[in-house]
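**Q** Pasting a predicted model and its sequence here:
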Amino acid sequence: MDNFIFKNPVKILFGRGQTSLIAKEIPKNSKIMMTCGGGSIRKNGVYDEVVAALKGFDFIEFWGIEPNPTYETLMKAVEKARAEKIDFLLAVGGGSVADGTKFIAAAIPYSGHPWDILLRKDKPPTSAVPLACVLTLPATGSEMNRAAVISRTETKEKLAFHSDLVFPIFSVLDPQHTFSLPAVQVANGIVDTFIHVTEQYLTFPVNAAIQDRFAESILCTLIDEGPKTLANPTDYDSRANLVWAATMGLNGLIACGVPGDWCTHDLGHELTAFFGLDHAQTLAIILPNLLWVQRDSKRGKLIQYAQRVWNIPDGNEEKMIEEAISKTRSFFENLGLPTHLSKLGVTEDISETVVDRFRARNKFPMGESKNLTPDRVKEIFKLAK
């Protein structure tokens, strides 16, 4: 196991009715901006719960943060927050609202060009407005981590930043808030969480037994409970397990002392940037093909994955790896997410453009073993057609 430093200061309020407690967690006399998405929280009652909980606080609202939140929209929120002298942000929505709010928090006091926060230039944020989350969609883990991913429509880019400054102060996770989600969003969340875990698990062995078993338990929970939540959206117990799996999948715990890959996300972000695909759709398309192309360097963990997650008996190792990748692909497809671009009507080949972009960003060589080359990226995109 590698050396590591682990810090996660986020306070979690989990379970039925926990939104009512948020007034105790927000500093008195705060000037709050509630950040929201497209309006679903008005229909499912979450908005009314939050407004009731904020009685007595001075707050304004900002609506319209998109799935794959855009820089252009978020800068409108930044301008509004600066004008209103906002000193606390409350994200009410899914992971995109949480991610967007993290960027807003960092950008409000930022003295440079805010896009530089995403470009990770020489001037990282040195302060941020405190924020908290009321989660309505389990997927990204943003409610308990220090990361955010933002898209820029003008340049067709989708980039991430990380900062301890944007850890939420607290997050409310009430599984009932997710009951009304459309099935496609639930399926997207299952796949998003699954691949967050594989990015930290399907690398190479470093004798990190606890992290491996934690990761495997999350994957098995998703395989078991994910379909149950789709079949019975108001099954509280299954939904609670799904919500907590999504949070645990990307709060830093299973990343301690182990190598990370994140190439599935890097390639998937480009598909979103160019074609507007859902984040989870892009991951479902990339992962099985990336695992196949990278199967030699991931061999040890793929065999472990086959045995412990998919219960594939010992035998020919090549066949075990092939079956594990096949079962992964089938799991995604059975949830309703295609694993080839053609199934979503995308036929354009952007592999050369992506390779050129990654070269310009000095990203090569990529992956946990530093062996994902431009040719391998092109091979992944070819298999993903």
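**A** Thanks, I have the structure now.
**Q** The protein: strands as residue ranges?
**A** Per DSSP state E, the chain carries strands over the ranges 11-14, 31-36, 58-62, 88-93, 131-135, 147-152, 157-162, 170-173.
**Q** I'd like a version of the ones you listed in a markdown table, one that adds mean neighbour count as further columns.
**A** To be clear about C-beta, it is placed using only N, CA and C from the backbone, and glycine gets the same treatment. What follows is the strands of the chain, written out as a markdown table (neighbours: other Cβ atoms under 10 Å):
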| stretch | mean neighbour count |
| --- | --- |
| strand 11-14 | 16 |
| strand 31-36 | 22 |
| strand 58-62 | 16 |
| strand 88-93 | 27 |
| strand 131-135 | 27 |
| strand 147-152 | 23 |
| strand 157-162 | 19 |
| strand 170-173 | 25 |
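**Q** I'd like those written out as a markdown table, with distance to Glu352 and mean pLDDT added.
**A** Output for the strands of the chain, formatted as a markdown table (distance: least, Cβ to Cβ, whole Å; pLDDT from 0 to 100):
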| stretch | distance to Glu352 | mean pLDDT |
| --- | --- | --- |
| strand 11-14 | 44 | 98 |
| strand 31-36 | 37 | 98 |
| strand 58-62 | 39 | 97 |
| strand 88-93 | 36 | 98 |
| strand 131-135 | 39 | 98 |
| strand 147-152 | 21 | 95 |
| strand 157-162 | 17 | 93 |
| strand 170-173 | 41 | 98 |
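**Q** Just list the residues touching the most centrally placed residue in the chain, thanks.
**A** Nearest to the mean C-alpha position of the chain, counting by Cα atoms, centre = their mean, stands Thr140 at 2.8 Å. Applying Cβ atoms under 8 Å, 6 or more residues apart in numbering to Thr140 gives the contacts 94-96, 98-99, 192, 196, 246, 250.
**Q** what about 7 Å?
**A** By Cβ atoms under 7 Å, 6 or more residues apart in numbering, the contact set of Thr140 is 95, 98-99, 192, 250.
**Q** Looking at the residues you listed, point me to the pair that's furthest apart.
**A** Between any two of the contacts of Thr140, the greatest separation by Cβ to Cβ is 13.0 Å, found for Ala98 and Asp192.
**Q** Looking at these two, which is more packed in?
**A** A count of neighbours by other Cβ atoms under 10 Å puts Ala98 above the other of Ala98 and Asp192, at 32 against 27.
**Q** Once you drop chain neighbours, what's closest to that one?
**A** Ser142 (3.9 Å; Cβ to Cβ, 6 or more residues apart in numbering).
**Q** And for Ile169, the neighbour number?
**A** The tally of other residues near Ile169 (other Cβ under 10 Å) stands at 17.
**Q** State the distance from it to Phe381.
**A** Applying Cβ to Cβ, to the nearest Å, the value for Ile169 to Phe381 is 41 Å.
**Q** now do Arg329
**A** From Arg329 over to Phe381 (counting by Cβ to Cβ), the distance is 16 Å.
**Q** hmm, back to that, identify the residues contacting the residue nearest to Ala98.
**A** 95, 98-99, 148.
**Q** can you put those in CSV and add distance to Thr35?
**A** Listed next are those as CSV, based on distance: Cβ to Cβ, whole Å:
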residue, distance to Thr35
Gly95, 13
Ala98, 9
Asp99, 11
Ala148, 12
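**Q** Break this structure into its domains for me.
**A** 11-177, 183-383 (automatic domain parsing).
**Q** Which of those domains sits closest to Phe4?
**A** domain 183-383 (4.4 Å).
**Q** Counting by contacts, list what the lengthiest helix in the chain packs against.
**A** Secondary structure assigned by DSSP state H gives helix 209-231 as the longest helix of the chain. On a contact count with 3 or more Cβ pairs under 7 Å, 6 or more residues apart in numbering; DSSP states H and E, helix 209-231 meets helix 183-201, helix 236-249.
**Q** Any stretches of the stretch 1-150 of the chain with poor pLDDT?
**A** Within the stretch 1-150 of the chain, the ranges that satisfy pLDDT under 70 run 121.
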